[in-house]
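In: predicted model, plus sequence, below.
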Amino acid sequence: MGSGAREGEPTLPVASVARRLGVAPSTLRTWDRRYGLGPSRHTDGRHRRYGSSDIDRLELMQRALLRGASTAEAARYALQQMPRAEIVPPADEPATPAHSAPADGEVPSRLARRLSTAALAMDVGAVQRMLAEALDELGVLAAWSGVVEPVLTALGARWRGVSAGAEVEYLLAECVYAALVRATPVLDAPLNLRPVLLACVPEERDTMPVYALAAALAGRRIGAQLFGVPLPAEVLAVAVRRSAPAAVVLWAHRRDAADPRLFARVSRGRQRSRLFACGPGWDVATLPDKVELLADLPAAAGRVEHVLVGAGR
């Protein structure tokens, strides 16, 4: 659909559009002035009229508002979904000169803003498209650290301790899980003969990073066996024994869930596996000597690749 009214199509004045949307005409003028969501069709007089695309854009904004987005977020969302020929950015977002080259971090920041706006609008399709774009444009690890994790953290902080609005965080989480699974190729011939077992410690709630790590390793042709749902310690020990993995990576975000004694339970038996602790929950001072601490997901992907096939860092 075009950015404004096409020749010959019906147009409406501000009063008619205001009645259609159930808002005051002054509200529409404010949205036009602040966010660039005004009419795009000029008449012979001083008045401008709304075309079908202008009205569709306003209805997108209104749906986002009804789902809990702020006015600026809803306006940004509407313009992203239906760009105009000349977009006036929301008042809280400065314009970027068209001739300037993207600065370091500009692309992740832009994608993060778009993802947050789509999530706040509860627009599942837009969230899925934003995640696919971020993963394709940046790669799994950069998309995780520069886009997904910051948005999840911001949304979690926004509604911490309250139930209203938490549905946005849950919706985004479900979409992220699905996107990471889709971004994990099925390997016909992985470089490692024995798999990497990736698991969360029991009682861990932050399970999404292991999905990101599995996708990153698969992109390097490293096969992994993933247990995204936290397993009880005895079940995890059996899984390690039966899988005979080349390496075991246990993720912990919560300090109260990171029990270093878990490594003793999973390393029993004749099969030798490299043991790694990953995540902010682990304390290096309490880890057994044979367990290596991995600071973050990029470090984990590089180190596991190096240990198993000699590449990476």
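Out: Yep, it's here. Numbers count the residues shown, from 1 in each chain.
In: shouldn't residue 77 be in contact with residue 69?
Out: Yes - counting by CB atoms under 8 Å, residue 77 does reach residue 69; the two are 6.6 Å apart. Glycine gets a C-beta too; all of them are placed from N, C-alpha and C.
In: quick one: what helix or strand has residue 237 in it?
Out: Using DSSP states H and E, residue 237 falls within helix 233-243.
In: how about residue 62?
Out: Residue 62 belongs to helix 52-66, assigned by DSSP H and E.
In: likewise for residue 30?
Out: Per DSSP H and E, residue 30 falls inside helix 25-35.
In: and that helix, what does it pack onto?
Out: helix 14-21, helix 52-66, helix 71-81 (3 or more CB pairs under 8 Å, 6 or more residues apart in numbering; DSSP states H and E).
In: let me see the mean pLDDT of the last one.
Out: Right, the one you point to is helix 71-81. For helix 71-81, mean pLDDT rounds to 85.
In: could you tell me the angle between the helix or strand following it and helix 52-66?
Out: The element immediately downstream of helix 71-81 (helix or strand, assigned by DSSP H and E) is helix 106-120. In terms of direction (axes from the mean of the first three to the mean of the last three CA atoms, to 10 degrees), helix 106-120 departs from helix 52-66 by 70 degrees.
In: what's the mean pLDDT across the helix holding residue 30?
Out: For helix 25-35, the mean per-residue pLDDT is 87.
In: off-centre distance for that helix?
Out: Here the centre of mass of C-alpha atoms in helix 25-35, compared against the chain's by CA atoms, centre = their mean, to the nearest Å, lies 31 Å away.
In: now swap in stretch 125-132 and tell me
Out: The answer for stretch 125-132 is 9 Å, by CA atoms, centre = their mean.
In: same thing with stretch 176-194?
Out: 18 Å.
In: buried ones in it?
Out: Neighbour counts over stretch 176-194 (16 or more other CB atoms under 10 Å) mark 176, 179, 180, 183, 184, 187, 190, 192, 194 as buried.
In: just send the helices and strands packed on helix 25-35 back as TSV, with distance to residue 265 too.
Out: TSV is the format used below for those (distance: least, CB to CB, whole Å):
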stretch	distance to residue 265
helix 14-21	61
helix 52-66	49
helix 71-81	47
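In: nearest to residue 152, out of these?
Out: helix 71-81 (16.4 Å; CB to CB).
In: just the element for residue 293, please.
Out: In this assignment (DSSP H and E), residue 293 forms part of strand 291-294.
In: buried deepest among the helices and strands packed on helix 25-35, which one?
Out: Mean neighbours per residue, mean count of other CB atoms under 10 Å, is largest over those for helix 71-81, with a mean of 23.
In: for the stretch 151-300 of the chain, which segments are assigned as strands?
Out: For the stretch 151-300 of the chain, applying DSSP state E, counting those that start in this stretch gives strands covering 196-200, 224-227, 247-251, 274-278, 291-294.
In: turn the ones you listed into a markdown table, columns for distance to residue 31 and mean neighbour count.
Out: A markdown table is the format used below for those (distance: least, CB to CB, whole Å; neighbours: other CB atoms under 10 Å):
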| stretch | distance to residue 31 | mean neighbour count |
| --- | --- | --- |
| strand 196-200 | 45 | 26 |
| strand 224-227 | 46 | 19 |
| strand 247-251 | 45 | 26 |
| strand 274-278 | 46 | 23 |
| strand 291-294 | 48 | 18 |
